[in-house]
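1. Quick one, fold the following:
(one chain, ligands or ions: 1)
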Amino acid sequence: MTQEWEAGRLDSDLEGAAFDTLAVRAGQRRSPEGEHGEAMFLTSSYVFRTAADAAARFAGEVPGNVYSRYTNPTVRTFEERIAALEGAEQAVATASGMSAILAIAMSLCSAGDHVLVSRSVFGSTISLFEKYLKRFGIEVDYPALSDLAGWEAAIKPNTKLLFVESPSNPLAELVDIPALADIAHAKGALLVVDNCFCTPALQQPLKLGADIVMHSATKYIDGQGRTMGGVVAGRAEHMKEVVGFLRTAGPTLSPFNAWVMMKGLETLRVRMQAHCASALEIARWLETQPGVERVYYSGLESHPQHELAKRQQKGFGAVVSFEVKGGKEAAWRFIDATRMISITTNLGDTKTTIAHPATTSHGRLSPQERANAGIRDSLVRLAIGLEDVADLKADLERGLAAL
Ligand SMILES: *Cc1c(COP(=O)(O)O)cnc(C)c1O
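-> Prediction:
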C-alpha cells in the first residue's frame, strides 16, 4: 500500500500559496493511510527496523524519529504551519508561552549578557527575568515600550536581546517594530517580539525586521481556551539553539496539544477578523458612555498610536481596556454587575472575559510600579470573544448601570 501511495499525490503543492491557504494546509504530510485530516501521533517513542538503523538514527546519520522529546510528526506539522504563517525559516513548539521565553533566553544568552525587556510585558515574563535569569548572571533592564530613544540609550556592548510585546497588555501600547529592529541591529543585538495579541493573522514581526517571534499559543492560536502551548520562530541558526535546549531540558509541546493548536490555525484569520470587528464596535460604544473616563484601543482615532497601529498591523486586536469614573470600587461594581461575560484574566478565547488588572494580573506590583505601568485602580480589561455583539453590549450595560 505504501508504494501505491508514494506513486501518487499525497500532499498539497503550496508553492506561492497565500496566508489563508497555508493556514489550512502547510506542514501536512499524509501517512500511507491517506487520511484527509491531520493525524495525531500520540507516541512517546518510535521503532527501528534493525539495531543498525537505531544506531544510525541516534547518531544522526540518517533522518527519522527517535523520541517525542526530540521530534514528533504532529508537533512538526504545527511547527511548519506556524513557520509558514510567520514567514520564518523554522519554528519550534514549546509546552507553554513561558517555556518559549525561557528557551529563547537559555539558548541565546550566557552569564554576563545583558537583556532589555519592555516594561509593559506579561507579569510572568518580568518574574522569569528578574527572579530566575538574573540569578544566572544575566543583566536585565526595562525600558518604556514606545520610547525609542530610551531603548537606544539602554543598549550596552553586552546587550544580546531586546524583548517586547506589541501591542501591550492591557493598555494596547505599541512600539515601532522596524525602528526598534534598526536600533537593535546597529548594536549587534537581536529583537524578539511576543506576538501573542496580534497573531500572524494581524502582524508578522519577522517581516517588520524582528529576528525572533514567539507566542503563547494558549491564547488565540488555540482560540478556544482548551490547551497550553507556545512556539518560537525565526532563522535556522537561532532555532537550532532553541531546539538544542528544548530537547535536552524537556519543555516540549505534547502532540495532543499540537494537534488542537494546528487545527486552531485553520480558523485563525477568520476568528481574528471577527474578534477585531466586535472589539472595535465595543470600544467605540464604550467611548460614548458617560460612566467611562477613557478607552484604550488602538483602533480608536483617540489612541495616540492609531496611525502606527494601522501601518504595522492588519487589525487592532481584541483587548479593550477602559477606565470608569469612581476608582476601584466602581470598577469592581461594574465587573460584578455583568452576568454573562466571564470574570477571568485569560484571553484569546471565544468567550469574552473581564478582569481588574490592578488587583489581579498586576496585583503583585507596588503602587509605584503600577503607576509606572499606567495601570490605574479604575481600569477594567475586556478580551472580546465571539459572542453576538448586542448580547455583549447588553451585559456591559448592566455594568454601566451599576456605576
Ligand atoms: C499568556 C501570555 C504569556 C505566557 O503564556 P503561557 O502559555 O500562559 O505560558 C506570554 N506572553 C503573553 C503576551 C501572554 O498573554
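
2. From now on I want contacts and neighbour counts done on CA atoms only, so please keep to that.
-> Will do.

3. And the residue of this protein that's closest to the ligand?
-> G97 (3.3 Å; Cα to the nearest ligand atom).

4. Return the residues in contact with that residue.
-> Each residue near G97 by Cα atoms under 8 Å, 6 or more residues apart in numbering is listed here: 214-218, 228-231.

5. Any buried residues in the top helix by length along the chain, and which?
-> For the chain, the longest helix by residue count, based on DSSP state H, is helix 268-287. Using 16 or more other Cα atoms under 10 Å as the test for burial, helix 268-287 gives 268-269, 271-280, 282-283, 286-287.

6. ok now it, how far from the chain's centre?
-> 18 Å (Cα atoms, centre = their mean, to the nearest Å).

7. for stretch 288-297, same thing?
-> With Cα atoms, centre = their mean, you get 27 Å for stretch 288-297.

8. what is the mean pLDDT for it?
-> What stretch 288-297 shows for mean pLDDT is 97.

9. number of nearby residues for S168?
-> S168 has 22 neighbouring residues, counting by other Cα atoms under 10 Å.

10. can you tell me which residues contact it?
-> Per Cα under 8 Å, 6+ apart, neighbours of S168: 120-121, 174, 197.

11. could you dump the residues you listed to TSV with neighbour count?
-> Shown next, in TSV, are those (neighbours: other Cα atoms under 10 Å):
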residue	neighbour count
S120	27
V121	21
L174	23
F197	25
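
12. from the residues you listed, which two are the most distant?
-> S120 and F197 (13.0 Å; Cα to Cα).

13. Next to the ligand, which bits of the chain? Give me the list.
-> Residues of the chain lying close to the ligand (Cα under 6 Å from any ligand atom) are 96-98, 122, 196, 216, 218, 228-230.

14. One more pass at 5 Å, please.
-> Neighbours of the ligand within the chain, by Cα under 5 Å from any ligand atom: 96-98, 216, 218.

15. follow-up on the earlier one: for the longest helix of the chain, which helices and strands make contact with it?
-> For helix 268-287, the packing partners by 3 or more Cα pairs under 8 Å, 6 or more residues apart in numbering; DSSP states H and E come out as helix 199-202, strand 292-296, strand 319-324, helix 389-402.

16. Would you map out the domains in the protein?
-> 19-265, 268-402 (automatic domain parsing).

17. okay, how far is it across the shortest one, tip to tip?
-> By Cα to Cα, to the nearest Å, the extent of domain 268-402 from end to end equals 35 Å.

18. Over to the first one?
-> The distance separating the two terminal residues of domain 19-265, taken as Cα to Cα, comes to 11 Å.

19. just the helices in the stretch 201-350 of the chain please.
-> Taking DSSP state H, counting those that start in this stretch as the test, the helices found in the stretch 201-350 of the chain are 236-249, 255-266, 268-287, 306-312, 327-337.

20. List the contacts of the nearest residue to the residue of the chain closest to the ligand once chain neighbours are set aside.
-> For G97, ignoring the flanking residues on the chain, the nearest one in space by Cα to Cα, 6 or more residues apart in numbering is S216 at 3.7 Å. Residues in contact with S216 (Cα under 8 Å, 6+ apart) are 96-98, 100, 196, 228-231.

21. With A179 instead?
-> Counting by Cα under 8 Å, 6+ apart, A179 has contacts L148.

22. repeat that for 10 Å
-> Residues in contact with A179 (Cα atoms under 10 Å, 6 or more residues apart in numbering) are 148, 208-210.

23. same question, A105
-> Each residue near A105 by Cα under 10 Å, 6+ apart is listed here: 99, 115, 128-129, 133, 138, 160-161, 242, 245.

24. Which of those residues sits closest to T50?
-> Checking the contacts of A105 one by one against T50 (Cα to Cα), the nearest turns out to be F245, at 29.0 Å.

25. number of nearby residues for the closest one?
-> Neighbour count for F245, taken as other Cα under 10 Å: 20.

26. pLDDT score for the closest residue to it other than its chain neighbours?
-> Spatial nearest neighbour of F245, chain neighbours left out: S107 (5.9 Å); criterion: Cα to Cα, 6+ apart. Per-residue pLDDT puts S107 at 98.

27. for W5, same thing?
-> W5 is given a pLDDT of 53.

28. Could you do R370 as well?
-> Reading off the confidence values, R370 has pLDDT 85.

29. quick one: it from P143, how far?
-> For R370, the distance to P143 equals 15 Å [Cα to Cα].

30. Show me which of these two is the more surrounded one.
-> P143 (22 against 17).

31. still on that earlier bit, using a markdown table, lay out the helices of the stretch 201-350 of the chain together with distance to Q90.
-> Shown next, in a markdown table, are the helices of the stretch 201-350 of the chain (distance: least, Cα to Cα, whole Å):
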| stretch | distance to Q90 |
| --- | --- |
| helix 236-249 | 6 |
| helix 255-266 | 16 |
| helix 268-287 | 20 |
| helix 306-312 | 23 |
| helix 327-337 | 42 |
